[in-house]
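J.: With the sequence up front, the predicted model follows.
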Number of protein chains: 2
Amino acid sequence: MKSKDLQAMAANCGSAARMLKQLAHPRRLQLLCHLAEGEKSVGELERLCLASQSQMSQFLTRMRSEGLVDCQRQGSNVFYRIQDPRVRELIAAMHKVFCR
Amino acid sequence: MKSKDLQAMAANCGSAARMLKQLAHPRRLQLLCHLAEGEKSVGELERLCLASQSQMSQFLTRMRSEGLVDCQRQGSNVFYRIQDPRVRELIAAMHKVFCR
DNA sequence: CTTCTCTATTATAATATTATAATATAGTAA
DNA sequence: TTACTATATTATAATATTATAATAGAGAAG
């Protein structure tokens, strides 16, 4: 393999690993799976994932800062949804591999 | 969503996240990408990934203990290969998403 | 205004991961 | 045997992640 290809590969692995880190946690993966089915409020996600308010909010804040999700306030609720299309692709891939 | 489905989903996310943790590191992902193209010795992987001997060996030992890879000694070299077919599927999915 | 609900932020202790160095082991060859 | 190469293991310090608790802010309702 050429040195140029190895460099490109290392770079791709870097950005892939960075995104994978966000998915590589049981509850974070779970919340993204739920978001893959449609936008949800923080409270809904807490209940669906059995996570604490603080933890869910922290997860969402970090994912938002990395561009994986975005959000929109509606009254006193904040609704999150998947922003980066690669997240959808990854969640779909995970589903194929781990859910049958 | 039914409580039963939520439970199954949580379980699936648990095992998926466990495997994703192994992929969610630049060099570990890189080494798995190289193994996806065929078995390689530890030394080859060190050179391809620019990782130290110790680090590469530690990564491989842990992946072996989780069943992602297995190995076979040939003389003074040890050749590793992907064992779990899900790893191949995941690497292929990563390639689609991050390498074009 | 007060109170309530929903969400975000901050602080922190416990734990896990990471990279590195040093040492050990296994095989090969002389 | 010795010396050499390849790999594994152990120890450890630096760093990152995780879960939890406490506090803060923003909007709705009375």
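T.: Looks like it arrived, so ask away. Numbering: from 1, shown residues only, chains lettered A, B, ... in the order given.

J.: Could you measure from the residue nearest to the spatial centre of chain A over to DNA strand D?
T.: The residue lying closest to the centre of chain A (CA atoms, centre = their mean) is A:Leu32, at 4.7 Å. A:Leu32 is 14 Å from DNA strand D, where distance means CB to the nearest atom of the strand, to the nearest Å. C-beta coordinates here come from the backbone N, C-alpha and C atoms, glycine included.

J.: Thought A:Glu89 was touching that residue, still the case?
T.: No: A:Leu32 lies out of contact with A:Glu89 (CB atoms under 8 Å); the separation is 11.7 Å.

J.: circling back to that earlier point, spatially nearest residue to the residue nearest to the centre of chain A, not counting backbone neighbours?
T.: A:Ile91 (5.7 Å; CB to CB, 6 or more residues apart in numbering or on different chains).

J.: Does that neighbour touch A:Cys33 like I think?
T.: Yes: judged on CB under 8 Å, A:Ile91 makes contact with A:Cys33 at a distance of 5.9 Å.

J.: So what's the residue count around A:Leu23?
T.: 23 (other CB atoms under 10 Å in any protein chain shown).

J.: who touches it in this structure?
T.: Contact analysis of A:Leu23 by CB atoms under 8 Å, 6 or more residues apart in numbering or on different chains lists A:Leu29, A:Leu32, A:Leu90, A:Ile91, A:Met94, B:Ala17, B:Leu20, B:Ala24.

J.: ok, now which ones touch the residue nearest to the centre of chain A?
T.: A:Gln22, A:Leu23, A:Met63, A:Leu68, A:Val69, A:Ile82, A:Val87, A:Ile91.

J.: Among the residues you listed, which ones are in helices?
T.: Within these, residues falling in helices by DSSP state H are A:Gln22, A:Leu23, A:Met63, A:Val87, A:Ile91.

J.: Any residues of chain A in contact with DNA strand D? List them.
T.: Contact residues, chain A versus DNA strand D (CB under 7 Å from any atom of the strand): A:Lys21, A:Ala24, A:His25, A:Arg27, A:Ser52, A:Gln53, A:Ser54, A:Gln55, A:Gln58, A:Arg73, A:Gly75, A:Ser76.

J.: and the residue of chain A at minimum distance from DNA strand C, how many residues sit next to it?
T.: Going by CB to the nearest atom of the strand, DNA strand C is nearest to A:Gly43 of chain A, at 2.9 Å. A:Gly43 is flanked by 13 other residues according to other CB under 10 Å.

J.: Then the one 5 residues further on?
T.: Using other CB under 10 Å, A:Leu48 has 19 neighbouring residues.

J.: And the one 5 residues further on, by the same measure?
T.: With neighbours defined by other CB under 10 Å, the count for A:Gln53 comes to 10.

J.: what's the closest non-adjacent residue to it?
T.: For A:Gln53, ignoring the flanking residues on the chain, the nearest one in space by CB to CB, 6+ apart is A:Glu46 at 5.9 Å.
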